[in-house]
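>>> have a look; sequence and predicted model below, questions after that.
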Amino acid sequence: MGALEQPRPVQPGWLALLDEPAEFREAFVFGAAQPAAPADDRLTPAPDPGEDALARAFADGEAAGRAAAEAEAEAAAARQRALRLAFRTI
């Protein structure tokens, strides 16, 4: 008669990973690729128009920030040229 297999005690949290096979631990820790879900349009959420508007506003803000930085650099260069011209004429 074979010995009955004793159930493993349940470890709390991450200690439970120590009892699992190495492949499982690596998949859990390194985030192995999840199996592809079946294509079902009912499960795919509709795009949120608010997110699109937010992304456009963010991109517009970035473009405006870059344009302002370029305008400031051009103004600084113009001031520099004006100062050089003023000191040459003195």
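Cool, got the structure.

>>> what pLDDT does the model give P45?
pLDDT, P45: 66.

>>> let the chain start at 17 from now.
Got it, first residue is 17 now, which makes that one P61.

>>> quick one: pLDDT of E90?
pLDDT, E90: 95.

>>> can you say which helix or strand has it in it?
Applying DSSP states H and E as the criterion places E90 in helix 65-105.

>>> and that helix, what does it pack onto?
With contacts defined as 3 or more Cβ pairs under 8 Å, 6 or more residues apart in numbering; DSSP states H and E, helix 65-105 has no helix or strand neighbours. Where C-beta positions appear, they are placed from N, C-alpha and C, glycine not excepted.

>>> where does the prediction get shaky in the protein?
Where the chain drops to pLDDT under 70, the residues are 17-63.

>>> what about E67, neighbour count?
When neighbours are counted by other Cβ atoms under 10 Å, E67 registers 9.

>>> quick check: it vs G81, distance?
Distance, E67 to G81, using Cβ to Cβ, to the nearest Å: 21 Å.
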